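Engineer: Sharing a model that was predicted from the sequence below.
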Amino acid sequence: MSFHEVAARLDDLKDECVDFLARICSIPALGPENDGTGEMEKYKVVKEAVVALGPDRIEEVHAPDDRVPDGLRPNLLAVFNGRDTSRTLWILSHIDVVPPGELKLWEHDPFQPHVQNGFLYGRGVEDNGQAIAASIFAVRAVKETCGFGLNVGLALVSDEECGSRYGLDYVLTERPDMFRPEDLILVPDAGNDQGDHIEIAEKHLLQVRFTVLGKQAHASRPDQAVNSLRAVSHLVVEVDRVLAETFTERNPFFNPPTSTFEPTRKDANVPNVNTIPGEDVVYFDCRILPEVDLSRVMELMEQVAAGIGERFGAGVRVEGHMRVEAPEPTPADSAVVRALAQAVQEVFGVQARPHGIGGQTVASFFRKRGLPAAVWEKQLQMAHAPNERVSIENLVGNARVFAKMMI
Ligand SMILES: [Zn+2]
């Protein structure tokens with residue numbers, strides 16, 4: 001049996017795969033943060049499809065959550081034994097979706113998926129339904145033809161869109177025995193329309209709040225005031241300059257290849273024009289290369305802030321708003337990256353290369369625990385957008401890539 005037979009079987013299953021994806025995406029799976037009732041209803045349909053494949057082992061790792069009617073956020077791990085049982089290829093997808101947003105922007109009901117010109121439209125069809133359907137149908141095609149070369153695991157989790165506390169993080173805490181460093185872990189939850197982008201690394205995230213305290217007064221009496229807006233304006237310019245001049249490291253895995261330090265939020269100060277403000281608050285959002293020490297960044301920010309405070313006679317407070325240290329990247333030559341690149345080459349005829357990104361992905365929960373995970377999918381980058389869609393060609397192509405890695 002060759003890969004061609006598996007690919008042919010996937011072609012036969014194409015319509016069934018699209019129907020399945022449409023069916024699961026007709027059931028909203030919104031977390032309580034998004035005023036939803038959780039994932040249970042959609043989960044039951046997904047689980048039924050997985051059980052029908054006859055896995056050798058099935059584990060439900062539901063996280064208790066009394067904010068949803070069932071009191072549980074469902075998570076499923078299903079393993080299919082291969083000829084070599086020493087390693088498992090895991091494919092992780094998430095069941096939950098984000099809300100449709102402004103309904104006026106949708107041409108059709110987001111929860112009544114429909115096919116048009118080779119695309120399936122609906123909320124959650126790409127993020128992350130495409131991965132659920134492609135992985136389930138890849139398992140089916142391989143099982144019905146040549147069988148698995150290594151163990152194959154399907155991980156279907158909740159709560160990805162709101163932090164994974166009841167999803168992957170919970171699963172890895174409760175069942176660390178299910179995943180091993182020698183496993184190949186694939187997270188098809190981001191990518192591009194060429195399919196040549198394998199995400200293996202993340203930057204650190206550091207968000208910092210600067211509070212400048214001056215003295216409020218009438219705009220005609222600056223002699224009685226300490227103008228916090230003037231001080232904070234200089235502060236932003238100075239922090240911007242000093243950080244950019246100091247942290248000049250480049251890492252070609254990332255785009256952009258440098259650390260970035262962006263002033264973002266500015267809280268409102270006085271409501272009227274004829275008052276000199278006495279308090280201003282600004283935030284920086286920093287995406288910092290993993291090789292840079294975050295405490296050096298904080299120290300430098302504090303130094304600049306102290307200098308500005310002295311120069312303008314204002315008080316300046318520097319506080320961490322959010323700090324997420326990037327885990328060790330997945331090695332670019334790890335088994336999952338190599339197998340994936342090979343399968344992508346064979347199916348799509350493109351050379352996929354490892355990259356890093358500025359944001360945090362669900363893969364970081366694996367990486368934090370020393371488990372090598374790669375994020376890849378050929379997709380239209382429609383996540384969270386109105387009129388979200390998948391190309392049926394990509395859906396089947398991705399299933400072929402997964403199947404190729406399974407045999
Ligand atoms: Zn997603």
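Structural biologist: Received, thanks. Numbering: from 1, shown residues only.
Engineer: what helix or strand does the residue nearest to the spatial centre of the chain sit in?
Structural biologist: Central residue of the chain (CA atoms, centre = their mean): residue 361, 3.2 Å from the mean position. Residue 361 belongs to no helix or strand when assigned by DSSP states H and E.
Engineer: What sits closest to whichever residue of the stretch 301-407 of the chain sits closest to the ion if chain neighbours are left out?
Structural biologist: Per CB to the ion, residue 383 is where the stretch 301-407 of the chain lies closest to the ion, at 5.9 Å. C-beta here means a position set from N, CA and C on the backbone, and glycine is covered the same way. Counting by CB to CB, 6 or more residues apart in numbering, residue 383 lies nearest to residue 127, which is 3.7 Å off, once chain neighbours are set aside.
Engineer: Tell me, how many residues neighbour the one you found?
Structural biologist: For residue 127, the neighbour count with other CB atoms under 10 Å is 26.
Engineer: what's the distance between the closest residue to residue 54 other than its chain neighbours and residue 126?
Structural biologist: Once flanking residues are discounted, residue 54 sits nearest to residue 143: 7.5 Å by CB to CB, 6+ apart. According to CB to CB, to the nearest Å, residue 143 stands 25 Å off from residue 126.
Engineer: okay, these two: which has more neighbours?
Structural biologist: Neighbour totals were compared for residue 143 and residue 126, and residue 126 leads with 29 against 18 (other CB under 10 Å).
Engineer: so who does the more buried one touch?
Structural biologist: 379, 380, 382, 383, 388, 389, 390 (CB atoms under 8 Å, 6 or more residues apart in numbering).
Engineer: Generate a markdown table for those, with neighbour count as supplementary columns.
Structural biologist: Output for the contacts of residue 126, formatted as a markdown table (neighbours: other CB atoms under 10 Å):
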| residue | neighbour count |
| --- | --- |
| 379 | 25 |
| 380 | 19 |
| 382 | 18 |
| 383 | 16 |
| 388 | 26 |
| 389 | 21 |
| 390 | 29 |
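Engineer: On the three-state scheme, the residue of the stretch 301-407 of the chain closest to the ion is what?
Structural biologist: With DSSP: H, G, I helix; E, B strand; the rest coil as the basis, residue 383 sits in coil.
Engineer: Check what pLDDT it gets.
Structural biologist: Per-residue pLDDT puts residue 383 at 88.
Engineer: swap in residue 80?
Structural biologist: 98.
Engineer: That one: neighbour count?
Structural biologist: Here the number of neighbours of residue 80 (other CB under 10 Å) works out to 23.
Engineer: What of residue 307?
Structural biologist: Applying other CB under 10 Å, we find 15 other residues in the vicinity of residue 307.
Engineer: element containing it?
Structural biologist: Using DSSP H and E, residue 307 falls in helix 294-312.
Engineer: Tell me the spatial nearest neighbour of the closest residue to the ion within the stretch 201-350 of the chain, not counting adjacent residues.
Structural biologist: Relative to the ion, the nearest point of the stretch 201-350 of the chain is residue 202 (15.0 Å; CB to the ion). The shortest distance from residue 202 to any non-neighbouring residue, by CB to CB, 6+ apart, is to residue 326 (4.6 Å).
Engineer: Surely residue 137 touches residue 15?
Structural biologist: No - the pair residue 137 / residue 15 is not scored as a contact, 10.9 Å apart, by CB atoms under 8 Å.
Engineer: Looking at these two, which one has more neighbours?
Structural biologist: Between residue 137 and residue 15, counted using other CB under 10 Å, residue 137 has the larger neighbour count: 28 against 11.
Engineer: any idea how far residue 356 lies from residue 363?
Structural biologist: 11 Å.
Engineer: More neighbours: which of those two?
Structural biologist: Comparing residue 356 with residue 363 by other CB under 10 Å, the one with more neighbours is residue 363, at 27 against 20.
Engineer: Please name the nearest non-neighbouring residue to the more buried one.
Structural biologist: residue 373 (4.1 Å).
Engineer: Check residue 141 too.
Structural biologist: Counting by CB to CB, 6+ apart, the residue nearest residue 141 is residue 9, at 4.2 Å.
Engineer: ok so, going back, contact partners for the residue of the stretch 201-350 of the chain closest to the ion?
Structural biologist: Remark: with contacts taken as CB under 8 Å, 6+ apart, residue 202 is in contact with 290, 326-327, 329, 356-361, 363-364, 367.
Engineer: ditto for residue 375
Structural biologist: 186, 187, 188, 189, 190, 191, 198, 199, 200, 361, 363.
Engineer: Give the helix, strand or coil label for the fifth one.
Structural biologist: For residue 190, the reduced secondary structure class is coil; criterion used: three-state DSSP.
Engineer: what does the model give it for pLDDT?
Structural biologist: For residue 190, the model assigns a pLDDT of 92.
Engineer: shouldn't it be in contact with residue 374?
Structural biologist: No - the criterion here is CB under 8 Å, and residue 190 misses it with residue 374 at 10.6 Å.
Engineer: ok, now how distant is residue 328 from residue 383?
Structural biologist: According to CB to CB, residue 328 stands 26 Å off from residue 383.
Engineer: ok so, going back, helix or strand for the residue nearest to residue 141, which one?
Structural biologist: According to DSSP H and E, residue 9 maps onto helix 3-12.
Engineer: and that helix, what does it pack onto?
Structural biologist: helix 130-144, helix 392-406 (3 or more CB pairs under 8 Å, 6 or more residues apart in numbering; DSSP states H and E).
Engineer: what residues does this protein put near the ion?
Structural biologist: Counting by CB under 5 Å from the ion, the chain comes close to the ion at 127, 128, 189.
Engineer: Columns distance to residue 64 on top of the residues you listed, output as TSV?
Structural biologist: Listed next are those as TSV, based on distance: CB to CB, whole Å:
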residue	distance to residue 64
127	26
128	23
189	25
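Engineer: sorry, back to before: quick one: which of the contacts of residue 375 is nearest to the ion?
Structural biologist: Closest approach between the contacts of residue 375 and the ion, by CB to the ion: residue 189, at 4.3 Å.
Engineer: Now do the strands in the stretch 201-350 of the chain.
Structural biologist: Per DSSP state E, counting those that start in this stretch, the stretch 201-350 of the chain carries strands over the ranges 204-213, 217-218, 260-266, 275-276, 279-288, 315-324.
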